[in-house]
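In: Could you look at this predicted model? Sequence included:
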Amino acid sequence: MKSILRTILPIAGLLFVTHSAFAVEGDPGRGARIFGACASCHSLEPNRHMTGPSLSGLWNRQAGTLPGFDRFSPALKNSGIVWQNAALDAWIADPQKFIPENHMTFPGIKDARQRADLLAFLKDATRPGAPAAQRAQQGGMMGMMGGGAATNLKKLDPGDRVQAIRYCRDTYRVTTADGKTHDFWERNLRFKTDSSSDGPEKGAPAIIDAGMQGDRASVIFATPEEISAFVARQC
């Protein structure tokens, strides 16, 4: 009983403290710009999960219960929180203080006005059936701010499509469909997977620059099984 109270009381206190913040009328236009800080990890489209879960249909959803997203922390799943104005305001202000030991790495937004603006934007943009045109507009805005939807890896130029990968000592040599070979120190090349509708076709992994100097990249496969099949140890 005491452990439950130790969890509930801080949450209740935060909800009380943030009441005045979400009571302030926010500006959704300003909130759309603030959402740029969230867009690299969260989509507004239904069933489109990124680092974090889709925010579509967020209001009145119990925390940690979205079907199709498997990375919720035990802390979030067991919180009993329902996402409404007060809870979302407290979460955005300081995720770790609101629900300790969750997986959210974002430090929070301390300015109450900015939180009110963000909530005003999200309340409309995440509602079920939000117009597709509206989401497209938001996606374009987020793209200009460096966030938004992931690149479609099914439509690749020859220079972005991997044909072969050779490994020799500490070097990966990646040959692309345009016939060029690129050398990477083994610590500078990352292997990733994307099984979503925007992921690469099977047998056609993509290579994407991952550094300002051109010496780092990520190779993205359709499935984990392709990684070992593609990499040949050859000097």
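Out: Yep, it's here.
In: So which residue is smack in the middle of the chain?
Out: residue 41 (1.9 Å; CA atoms, centre = their mean).
In: isn't that residue right up against residue 54?
Out: No - with contact defined as CB atoms under 8 Å, residue 41 does not count as touching residue 54 (10.8 Å). (Each C-beta comes from the backbone N, C-alpha and C, glycine too.)
In: For those two, list the residues in contact with both.
Out: Residues touching both residue 41 and residue 54 by CB atoms under 8 Å, 6 or more residues apart in numbering: none at all.
In: Any stretches of this structure with poor pLDDT?
Out: Applying pLDDT under 70 to the chain flags the ranges 1-24, 131-150, 212-213.
In: which residues sit in contact with residue 202?
Out: Neighbour list for residue 202: 222-223, 226 [criterion: CB under 8 Å, 6+ apart].
In: Kindly supply the ChimeraX command isolating those of these that are buried.
Out: The ChimeraX selection below is limited to those of those classed as buried (16 or more other CB atoms under 10 Å):
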select :222,226
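In: In helices only, show me the contacts of residue 202.
Out: Judged by DSSP state H, the subset of the contacts of residue 202 located in helices is residue 226.
In: any chance of the contacts of residue 202 in a markdown table, with distance to residue 109 too?
Out: Formatted as a markdown table, those follow (distance: CB to CB, whole Å):
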| residue | distance to residue 109 |
| --- | --- |
| 222 | 36 |
| 223 | 37 |
| 226 | 40 |
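In: contacting residues around the residue nearest to the centre of the chain?
Out: Contact analysis of residue 41 by CB under 8 Å, 6+ apart lists 50-52, 106.
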